[in-house]
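Peer 1: Quick one, structure for this:
(4 chains)
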Protein chains: 2
Amino acid sequence: MNTKKSNPPYLNGVPELLILHLLDERPMYGYELVQAIRVASGERLEFGEGCIYPILHRLEAQEVLSSRREAVAGRERVVYRMTRRGRQQLAVSRSDWQRVVAAVSACLQGGEHARPSMA
Amino acid sequence: MNTKKSNPPYLNGVPELLILHLLDERPMYGYELVQAIRVASGERLEFGEGCIYPILHRLEAQEVLSSRREAVAGRERVVYRMTRRGRQQLAVSRSDWQRVVAAVSACLQGGEHARPSMA
DNA sequence: TGTCATGCCTCGAACCTTGAGGTACAAGGC
DNA sequence: GCCTTGTACCTCAAGGTTCGAGGCATGACA
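Peer 2: So this is what the prediction gives:
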């Protein structure tokens, strides 16, 4: 009961960032994205469909993505692609991510010499 | 109303990681940690007391930290320090963080060569 | 016919940070 | 003496996120 962690560490917003990045390379559909993320991260990251689909829908509502239904071999796929706004959003998300990584790295690496009120 | 984000991107679990790291260098009290994080991150990160205190209490309940009340100039401080388990936890958290950073970096950096020409 | 992989979707649960609010004491200015 | 500021602790509701399981449908293959 104690070691119950359903909320993953450090992964907040990461699915959105990766979706944006992958769709910037080429249009994809939801199921494909789930696998693409796993592959692109070298099997280190995996987000379920229950995580990806809601994000896709939200991003489309925000006009960051646009979707189009395509029938392939009698089966329907909802293919998403970036909009102009999506590309802006990707740039913002990417720099947010880098800023956070830089800040945390600064804390973790150089910390022993930073004395606020006791040097 | 649209750009309303109360949940920060990429910061999930970061406060705990930084608390652990800073307390591994020296014992500190809550209020001090709030400032230490801001300073150590070069003013790039800031977590309020409403974020820090609950984490401190939880970590103490998990025996990752231990606390001791200390009276300084008639004022009470609750000083936290690492336990043995805390040091193990720090190692785990740190490697989790690095794994996530590595995985996301792999996604963001590697991938453009799958596209012919479009930039 | 039955099972599997593909493909889309929804829902509740669990978790986290935010931001505001509340208490208390000491020191300094006026 | 009064009042504001800074220190120091704490709590709570709100909002947002991922997880995990489940449901539905089709085509392929045995």
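Peer 1: Give me the pLDDT for the closest residue to A:Val104 other than its chain neighbours.
Peer 2: What sits nearest to A:Val104 in space, not counting adjacent residues and going by CB to CB, 6 or more residues apart in numbering or on different chains, is B:Val14, at 6.0 Å. (C-beta placed from N, C-alpha, C; glycine too.) The model reports B:Val14 with a pLDDT of 97.
Peer 1: same deal with A:Gly74?
Peer 2: Predicted confidence (pLDDT) at A:Gly74: the value is 72.
Peer 1: what do you get for A:Lys5?
Peer 2: pLDDT, the model's per-residue confidence, is 51 for A:Lys5.
Peer 1: Ok, A:Leu17 next?
Peer 2: Looking at A:Leu17, its pLDDT reads 98.
Peer 1: Next, count neighbours for it.
Peer 2: Using other CB atoms under 10 Å in any protein chain shown as the criterion, A:Leu17 is surrounded by 20 other residues.
Peer 1: what's across from A:Glu70 in the sheet?
Peer 2: Here A:Glu70 shows beta-bridge partners A:Arg77, assigned using DSSP bridges.
Peer 1: Distance of it relative to A:Gln62?
Peer 2: Computed as CB to CB, to the nearest Å, the A:Glu70 to A:Gln62 distance reads 22 Å.
Peer 1: Same check on A:Pro27?
Peer 2: A:Pro27 is 17 Å from A:Gln62, by CB to CB.
Peer 1: do A:Leu56 as well
Peer 2: Using CB to CB, one obtains 11 Å as the distance from A:Leu56 to A:Gln62.
Peer 1: the more surrounded of these two?
Peer 2: More neighbours surround A:Leu56 than the other of A:Leu56 and A:Gln62, with 22 against 14 (other CB under 10 Å).
Peer 1: In what element of secondary structure is the more buried one found?
Peer 2: With elements taken from DSSP states H and E, the one containing A:Leu56 is helix A:49-61.
Peer 1: Whether that helix contacts chain B - can you check?
Peer 2: No - Helix A:49-61 lies apart from chain B when judged by CB under 8 Å from any CB of the partner chain; the minimum separation is 10.1 Å.
Peer 1: Can you tell me the SS state at the nearest residue to A:Asp96 once chain neighbours are set aside?
Peer 2: Spatially, and ignoring its direct neighbours in sequence, A:Asp96 is nearest to B:Pro9 (5.4 Å; CB to CB, 6+ apart). Classification of B:Pro9 into helix, strand or coil gives coil, according to DSSP: H, G, I helix; E, B strand; the rest coil.
Peer 1: quick one: contacts for B:Pro9?
Peer 2: The neighbours of B:Pro9, taking CB atoms under 8 Å, 6 or more residues apart in numbering or on different chains as the test, are A:Asn12, A:Gly13, A:Glu16, A:Leu17, A:Ser93, A:Asp96, A:Trp97, A:Val100.
Peer 1: Can you flag the buried ones in these?
Peer 2: The neighbour-count test (16 or more other CB atoms under 10 Å in any protein chain shown) marks A:Asn12, A:Gly13, A:Glu16, A:Leu17, A:Ser93, A:Asp96, A:Trp97, A:Val100 as buried among the contacts of B:Pro9.
Peer 1: Looking at the residues you listed, spot the one nearest A:Ala106.
Peer 2: Of all these, A:Ala106 sits closest to A:Val100, with 10.7 Å by CB to CB.
Peer 1: where does chain A come near DNA strand C, residue by residue?
Peer 2: Near DNA strand C, the residues belonging to chain A are A:4-7, A:29-32, A:49-50, A:53-54, A:56-57, A:72, A:75-79 when assessed by CB under 7 Å from any atom of the strand.
Peer 1: Pull out the buried members of these.
Peer 2: In terms of neighbour count (16+ other CB under 10 Å), the buried residues within these are A:Tyr29, A:Gly30, A:Glu32, A:Leu56, A:Arg77, A:Val79.
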